[in-house]
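Take a look and give me a structure for this.
(2 chains)
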Amino acid sequence: MFGLDKKDKSLLAIVAILTLLAPFILNPFPTDSAMAQFNAGYPDLMQRFVIFGIFAVGFNILFGLTGYLSFGHAAFLGVGSYSAVWMFKLLSYNIIPAIILAVIIAGLFSLLIGFVSLRRSGIYFSILTLAFAQMSFALAYSVLSNPKFNLTNGETGLQVYNDDPQILQGANAPDLPHLFGLSMRSTYTMEIGPWAFDFNAGYYVCAVIMMVAFYLAIRIFRSPFGMMLRAVKSNQQRMNYTGLNTRPYTLAAFVISGMYAGLAGGLMAAMDPLAGAERMQWTASGEVVLMTILGGAGTLIGPVLGAGFIKYFENIFSKINDNVLHGWFAFLPDGLEDFVVTIIHPFVGKGWHLTLGLMFMMVVIFLPGGLVEGGQRLAAWVRGKRNKGKDKTTGKTEPAE
Amino acid sequence: MTKSDVTRRGVLKSGAVAGAGVALPTIFTASSAAAYTNEPTGGSVTLGFNVPQTGPYADEGNDELLAQQLAVEHLNGEGDSGCLNTFTSKALKGNGILGKKVEFVTGDTQTKSDAARASAKSMIEKDGAIMINGGSSSGVAVAVQGLCQEAGVIFMAGLTHANDTTGKDKKANGFRHFFNAYMSGAALAPVLAAEMGKERRAYHLTADYNWGWTQEESIVASTEAMGWETVNTVKTPLASTDFSSYIAPVLNSGADVLVLNHYGGNMVNSLTNAIQFGLLDKVVNNKDFKIVVPLYSELMAAGAGENIKGVLGSMNWNWQLQDEGTKAFVKSFGEKYGKPPSNSAQTCYAQVLLYADACERAGTFNPCGVAEALEGFEFDGLGNGKTLYRADDHQCFKDVLVVRGALNPTNAYDTLEIVEVTPVEQVTYAPDHPMFAGGDLGKCNPGA
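Coordinates of the predicted model:
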């Protein structure tokens, strides 16, 4: 089925199970317990997990396979968001045309930037993409938002107003992004005892799209085209000497990953109909690089893990403030409590960047292959231990016949 | 012998059992009965404080957070009750809101629209916040206001000065206590005319984004109305840190006033550059050269240090005001944190109390009821004197301060002196004023 071998099939199955059961997996703690702070199973964050998963999977097609490090992928994400919001403004709140246009426009835009940037490789390529992305950011932030020609609405972000045309918007259609009438915000909350699990329509739309995107990525990884991209990574010069022109391959990879970014951007706008210029800034481009490296560049599931990891830190750790800390350590004597809170304070709340930075350093130093390598080592260790145990038991119990 | 291997069959079996358990319909309790988003059901109510804790406006944000915490204490009947004693509406009893204890969650806007919306969404979806307050930039305010409208909670804006917040981007669920660029222009113009004369040639340097443009538009309109001439308006990129190349042309332009439509670090840098070029010592057209900074804040004044001496600007509020509300607030803030509050802190404090009071008067947390209670509400005793929350655009109308960088500051906080308290009549405008046209409040949205 699906043209996958057994290993890839189980990988796809794992991703499918993880995404479909995310509302349970991410909300392990009862709602009113102190640990509820660490629950991540609310719609907005779950959507972010899968959307940035798509973004990172796409980025990995370029970076993981060809080794071309783009520092400008956020530009495609932003372009996708802007196109999607324009579709909301002009046509209707249905997300299908918005997402389709987002992918197409991001594809064209990445064709343009890729065509120019791919004339160079290595650090020069990175700098070129970075320059293009910063140019796009500046354009979106101020140049294209002047009152005479307002394409992006600048600092405020592009959003839908009541007096926008929306020519296809039906009279009864929800006043929010929807899929043929199913609002992306509609959430069913299931309460089991002290637990509460949110099932959000928007999240499941994103999750299904991510599974399709992930499947496509597997197929690309396993195809002859993917093999060619790996060859570009290992020795591009040799390929050139054999008379092979690599640029069409790299350009195709660049455009594909740009379209993935556009898809992610379109989905972001579909979940929350506002496109801000900041999502095109270089920090956003750097974030996807971090996600990919943290998870494991060149692996299939790594970028998804990395995306989840970073978004979790950004949204959960950043909300632990001093009040929460004092709540946790209230059982300690006063002086000690203040001391512990002072120690932890720089690492949570607004200091979440610091914690993330430390984690990133640890991963890069001790697990160069990212979280995936960590998982593999753990699995190997468990297996090794178990095999050892097995040998012992089999040695003991096998009767000599 | 026990075998602990996980088999495929075992996983399937236990998975099926778990699935069947989860699917048992009797153990669910449906929870879609709420009348509006995040209806508080327990003994407490959660407010969301969304302020910049990192990025260029982090100082402002942290000051806002202090004031919000103070407001929560006062609402819960702790501390000295601050402005609860001076507020003309006596609905608040110091026992929380509608008898529910007030709790709060905080988030970091990073002064980015996207991050601010993500953090507000997590407060609404995860923590069950029923009101979002705070922020230190108009872009963020407009973005979060839009989100609150969609989600069905009330947004009480923090520091946001652009006309658009209650102009073309106004929303039924959003309320602004802070003044705006138009009011700055209207308040400043007469003072400028009195201090500098009616025949001046102004040169504008403007931060190249939404807020900068609306402020430039407002100041140009009000100064030209009293006879000034605008020589040139130049946009500067937001990320600039060195404005020398923008200051040099001012000298040769024949202008005798420089208007800096900059905020925060931008303003500190551009003003410092202007002073370094000796602009204030020049005599052009037989007049002393002057600099105007239309929007001031205490934190900017502290950042610019010596350079702001004598430079005119406007403010929403200042801790040196002598009305009862201001005195009560400055006293409790000062006693708790050991420094006077900034005007963004005061706005957030007032907004939290106003929200709580509106809930009490409406008898509900339902956003539609709260909005109705706030619309057209007249009050006093929170600083700024008599204030009206106008129903047409959810903008507060109150006196505006014209201030000047203190010439002889006596201490670290005495950086600004009040030149004039411009009465509210002078800064009031029609709801359909061209600078605010094009918006639509829409209908209040209770969500759920």
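
Spell out the secondary structure type for the closest residue to chain A within the stretch 301-448 of chain B.
Proximity of the stretch 301-448 of chain B to chain A (CB to the nearest CB) peaks at B:Asp440, 4.5 Å away. In short, each C-beta sits where N, CA and C put it, glycine included. Assigned with DSSP: H, G, I helix; E, B strand; the rest coil, B:Asp440 falls in the coil class.

pretty sure it contacts B:Gln149?
No. Applying CB atoms under 8 Å as the test, B:Asp440 and B:Gln149 come out as separate, 11.2 Å apart.

what's the closest non-adjacent residue to the residue of the stretch 301-448 of chain B closest to chain A?
Of all residues not flanking B:Asp440 in the chain, A:Asn162 sits nearest, at 4.5 Å (CB to CB, 6 or more residues apart in numbering or on different chains).

What's the local residue count around the residue lying closest to B:Val257 once chain neighbours are set aside?
Nearest residue to B:Val257, sequence neighbours excluded (CB to CB, 6+ apart): B:Ala202, at 4.5 Å. A count of nearby residues for B:Ala202, using other CB atoms under 10 Å in any protein chain shown, gives 23.

Report whether B:Ala202 is found in a helix, as I expect.
No. Secondary structure of B:Ala202 (three-state DSSP): strand, not part of a helix.

Show me where the stretch 101-250 of chain B has its helices.
Under the criterion DSSP state H, counting those that start in this stretch, helices of the stretch 101-250 of chain B are mapped to B:113-125, B:138-151, B:181-196, B:210-225, B:244-251.

Give the closest residue to residue 315 in space, chain neighbours not counted.
Defaulting to chain A. A:Asn315 sits nearest to A:Leu45 (CB to CB, 6+ apart), 5.1 Å away.

Sorry, I should have been clearer: chain B.
B:Leu401 (4.5 Å).

which strand residues sit across from the one you found in the sheet?
B:Met315, B:Val421 (DSSP bridges).

Contacts only, for it.
B:Ala187, B:Ser314, B:Met315, B:Asn316, B:Trp317, B:Asn318, B:Leu321, B:Ile418, B:Glu420, B:Val421, B:Thr422 (CB atoms under 8 Å, 6 or more residues apart in numbering or on different chains).

repeat for B:Phe329
Neighbours of B:Phe329 in contact, by CB under 8 Å, 6+ apart: B:Gly82, B:Cys83, B:Pro341, B:Gln346, B:Tyr349, B:Leu382, B:Gly383.

Can you spell out the domain ranges of the chain, please?
Looking at chain A here, since you left the chain open. Residue ranges for the domains of chain A, per automatic domain parsing: A:6-300, A:320-390.

try chain B instead
Looking at automatic domain parsing, the domains of chain B come to B:44-179+B:319-398, B:182-315.

Quickly compare those and say which is most buried.
domain B:44-179+B:319-398 (a mean of 23; mean count of other CB atoms under 10 Å in any protein chain shown).

I'd like the distance between the residue of the stretch 301-448 of chain B closest to chain A and A:Leu91.
20 Å (CB to CB, to the nearest Å).

more crowded one of those two?
Taking other CB under 10 Å, B:Asp440 and A:Leu91 do not tie; A:Leu91 has more neighbours (18 against 13).

can I assume that one is in contact with A:Asp164?
No. Assessed by CB under 8 Å, A:Leu91 is found out of contact with A:Asp164, at 10.0 Å.

Could you tell me which residues touch both of these two?
Between them, A:Leu91 and A:Asp164 share no contacting residue, judged by CB under 8 Å, 6+ apart.

residues in the stretch 251-400 of chain A within reach of chain B, list them.
The stretch 251-400 of chain A has residues A:272-274, A:276-279, A:315, A:318-319, A:321, A:323, A:349-350, A:353, A:393, A:397 near chain B, with proximity defined as CB under 8 Å from any CB of the partner chain.

Looking at the residues you listed, which are in strands?
When those are checked against strands (DSSP state E), the matches are A:Leu274.

Generate a PyMOL selection restricted to the buried subset of the residues of the stretch 251-400 of chain A next to chain B.
Filtering those down to the buried ones (16 or more other CB atoms under 10 Å in any protein chain shown) takes a single PyMOL command:
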select buried, chain A and resi 272+273+274+276+277+278+279+315+318+319+321+349+350
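
Near the nearest residue to A:Tyr203 once chain neighbours are set aside, how many other residues are there?
Nearest non-adjacent residue to A:Tyr203, counting by CB to CB, 6+ apart: A:Met46, 4.6 Å away. Residues within reach of A:Met46, counting by other CB under 10 Å, total 28.
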